[in-house]
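Asker: Sequence first, then the predicted structure:
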Amino acid sequence: MSTSAFSADIAIVGGCGRVGLPLGLAFAERGMKVNLYDVNESAVDSLKNGVMPFREPGAEEILSNVLGSRLSVTSDRRSLTDAEAVVVVVGTPIDEHLNPDVMMVPNLVEEISGYLREGQLLILRSTIFPGVTRLVEERIARLGLMVDVAFCPERIAQGKALTELFEFPQIVAGRTRASQERAAKLFGTLMPDIVFLQPEEAELAKLIANAWRYIQLATANQFYRIANDFGLDYERIRVALAQDYPRAADIPRAGFAAGPCLLKDTMQLAAFNNNNFVLGHASMMVNEGLPQYVVSCVEREHPLNAMSVGILGMAFKANSDDRRSSLGYKLKRILRSKAADVLCTDPYVGDDPELLPLQTVLDRADLLIVGVPHSLYRDLEIDKPVIDIWNLFERGVRV
């Protein structure tokens with residue numbers, strides 16, 4: 001079975017990542033020919049051998065069905081030239097000062113411009129700073145390329161990508177009628193419901209969606225801290241509020257709000273508004289401060305300097321192998337300055353050599369903290385103190 005690039009309907013730049021790969025699999029599953037282009041040679045080699053480089057439910061089965069026939073994987077930029085549509089899934093990062101690197105995407109487009117051709121459709125897919133689509137359009141015009149440009153933001157959650165790609169309406173934004181119609185036709189193969197916006201509206205919509213979720217989680221974590229400081233159980237209160245009462249049904253549980261998007265995009269939205277985003281900055285203080293709050297509460301009840309503390313779960317979300325921006329690692333750093341020893345485990349994270357087997361952590365730790373509520377932890381029988389702000393073990397969430 002050949003996995004080398006072929007003439008394709010779609011080429012995806014960053015196609016072996018957590019956004020690009022599910023998208024490529026979804027298009028291939030719907031009968032389109034897809035080239036996945038990526039500079040990550042390890043991920044490319046893994047996929048060529050039919051092995052997913054990360055966890056995503058449903059992906060392995062689709063990969064085995066389409067690899068070599070409708071899906072190719074390559075690190076050769078020449079694969080971009082023959083595609084009718086080129087989808088870029090590289091987003092806008094923030095730097096150490098929480099400022100967005102606005103030129104990341106335009107510079108990448110210029111890097112690959114020698115492999116683009118007249119008449120193609122260029123789609124920006126990952127979260128970008130408002131105005132980046134226009135910068136790309138201007139860069140394309142200066143290079144003399146006759147290419148239609150659209151922004152179609154991804155709307156998936158890890159672990160649900162290959163369900164949500166076929167369930168949620170697709171947002172399509174283009175400056176011209178041609179770019180809108182072509183992008184709508186392409187994404188209509190996944191989901192016929194299309195929502196049209198102008199590029200700047202779509203760029204802002206994506207940031208608002210992630211900032212809104214971050215603010216919701218911060219609100220829950222603030223409620224948790226208030227209840228906990230008064231010796232009350234936030235989870236019991238939350239469940240009571242939500243029972244047969246729709247207006248409170250969406251109040252989240254407490255827990256570490258982390259990952260590569262929520263904080264980043266909240267800070268992008270703040271930067272877009274000249275750093276005038278009180279709710280966003282307050283949410284950052286609450287969410288980023290939760291590990292320190294938990295440790296401070298534990299310190300008041302336990303002699304940490306004489307204890308080994310185990311952290312159950314180091315990924316940034318439940319049942320994921322992605323540890324990017326995980327607050328479990330912030331918790332680990334804080335505990336290392338307080339506890340006699342810190343022992344960490346995660347059944348899914350495979351790229352951290354310091355992680356220990358679960359049973360080793362259970363045996364050696366004097367106290368356990370749930371870093372992330374992986375479902376396989378639910379059936380553990382634990383006979384030592386557990387700090388469980390997620391209420392995974394349904395013991396209440398007081399510290």
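Answerer: Sure, I can see it.
Asker: Now for Tyr293, which secondary structure element holds it?
Answerer: Assigned by DSSP states H and E, Tyr293 belongs to helix 278-301.
Asker: Which other helices and strands does the helix or strand following that helix contact?
Answerer: Using DSSP H and E, the helix or strand that follows helix 278-301 in sequence is strand 308-312. On a contact count with 3 or more Cβ pairs under 8 Å, 6 or more residues apart in numbering; DSSP states H and E, strand 308-312 meets helix 327-336, strand 341-345, helix 358-364, strand 367-370. Where C-beta positions appear, they are placed from N, C-alpha and C, glycine not excepted.
Asker: let's see 10 Å
Answerer: Here strand 308-312 touches helix 327-336, strand 341-345, helix 358-364, strand 367-370, strand 386-387, going by 3 or more Cβ pairs under 10 Å, 6 or more residues apart in numbering; DSSP states H and E.
Asker: Taking helix 327-336 as reference, get the angle to it.
Answerer: Computed by axes from the mean of the first three to the mean of the last three Cα atoms, to 10 degrees, the angle separating strand 308-312 from helix 327-336 equals 180 degrees.
Asker: roughly how far is strand 308-312 from the heart of the chain?
Answerer: Relative to the chain's own centre, strand 308-312 is displaced by 25 Å; criterion: Cα atoms, centre = their mean, to the nearest Å.
Asker: what is the mean pLDDT for that strand?
Answerer: Across strand 308-312, pLDDT averages out at 98.
Asker: re the thing from before, quick one: mean pLDDT for the helix holding Tyr293?
Answerer: On average, helix 278-301 scores 97.
Asker: now the helices and strands packed on strand 308-312 as a markdown table including distance to Arg236, mean pLDDT and mean neighbour count?
Answerer: Listed next are these as a markdown table, based on distance: least, Cβ to Cβ, whole Å; pLDDT from 0 to 100; neighbours: other Cβ atoms under 10 Å:
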| stretch | distance to Arg236 | mean pLDDT | mean neighbour count |
| --- | --- | --- | --- |
| helix 327-336 | 24 | 98 | 19 |
| strand 341-345 | 29 | 98 | 21 |
| helix 358-364 | 27 | 98 | 15 |
| strand 367-370 | 18 | 97 | 22 |
| strand 386-387 | 17 | 96 | 20 |
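Asker: Which one of the ones you listed lies nearest to Asp9?
Answerer: helix 327-336 (40.0 Å; Cβ to Cβ).
Asker: What distance do you get for the residue nearest to Ala270 when sequence neighbours are not counted to Leu335?
Answerer: In this structure, Ala270 finds its nearest non-sequential neighbour in Phe277, 3.8 Å apart by Cβ to Cβ, 6 or more residues apart in numbering. Between Phe277 and Leu335 the computed distance is 31 Å (Cβ to Cβ, to the nearest Å).
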